[in-house]
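Q: Okay, predicted coordinates and the sequence, questions at the end:
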Amino acid sequence: MSSEPPRKRLPFEPATNRKKTPKKPPEPQASLALESDSADKQPKANKTGKQSQSIPEVVSQRMISRIAVFCGIPTLLGICTFFVSYFVVSKGLFDLPNTAVLLVSMGCFGLGVLGLSYGVLSASWDEEISGSSLGWEEFNTNFGRMREAWRAAKPKS
């Protein structure tokens, strides 16, 4: 195992892997009407539980802005490949094979897909720390957390 100290759990990270509990059968309507008055007076504890597991707004915005950069730019380049190649072929500047256009556009779209994952993983998942501009350290940290979660979720043999 590792000799590293245990890391601090993120606010939206589940504490453990929970097994799903079977759903309760629906209750009759008459009993629900009687209980509705007492249910209105009690605070909704379930809402705060779900809220504590959701991604904070600051972290979500950080992920979206990184996705826009790391996924949006390669995708735009992939789309521009078609327009540039059409311009080159229609003006007769030089002969451009169809396979070259296909491979360049597929490469750009592939980089866009990788940029989507990198945008999420390179964002700092801590609300107070914004992280670096490229996010390489954050990527390593978050990818390590993801690997730990995969290993913990894998059934023991």
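A: Everything's here; your move. Numbering: from 1, shown residues only.

Q: Counting neighbours, what do you get for residue 72?
A: The number of residues packed near residue 72 is 14, by other CB atoms under 10 Å. Backbone N, C-alpha and C define where each C-beta goes, glycine included.

Q: Over to residue 124?
A: When neighbours are counted by other CB under 10 Å, residue 124 registers 20.

Q: From residue 154, how far out is the residue lying closest to it once chain neighbours are set aside?
A: Once flanking residues are discounted, residue 124 sits nearest to residue 131: 3.4 Å by CB to CB, 6 or more residues apart in numbering. Per CB to CB, to the nearest Å, residue 131 is found 29 Å from residue 154.

Q: what do you get for residue 85?
A: Noted for residue 85: a distance of 45 Å to residue 154, by CB to CB.

Q: Three-state assignment for residue 133, please.
A: Classification of residue 133 by DSSP: H, G, I helix; E, B strand; the rest coil places it in coil.

Q: which ones are touching residue 78?
A: Contacts of residue 78 were listed using CB atoms under 8 Å, 6 or more residues apart in numbering, and they are 104, 105, 106, 107, 108, 109, 112.

Q: Compare those residues and tell me which is most surrounded.
A: Within the contacts of residue 78, residue 112 tops the neighbour count with 20 neighbours, counted by other CB under 10 Å.

Q: Comparing residue 85 and residue 154, which shows the higher neighbour count?
A: Neighbour count, other CB under 10 Å: between residue 85 and residue 154, residue 85 has more, with 18 against 8.

Q: Surely that one and residue 102 touch.
A: No. When contacts are counted by CB atoms under 8 Å, residue 85 is not listed as touching residue 102 (9.6 Å).

Q: Spell out the residue ranges of the helices in this structure.
A: Along the chain, counting by DSSP state H, helices occupy 29-41, 45-53, 57-70, 72-91, 98-121, 136-153.
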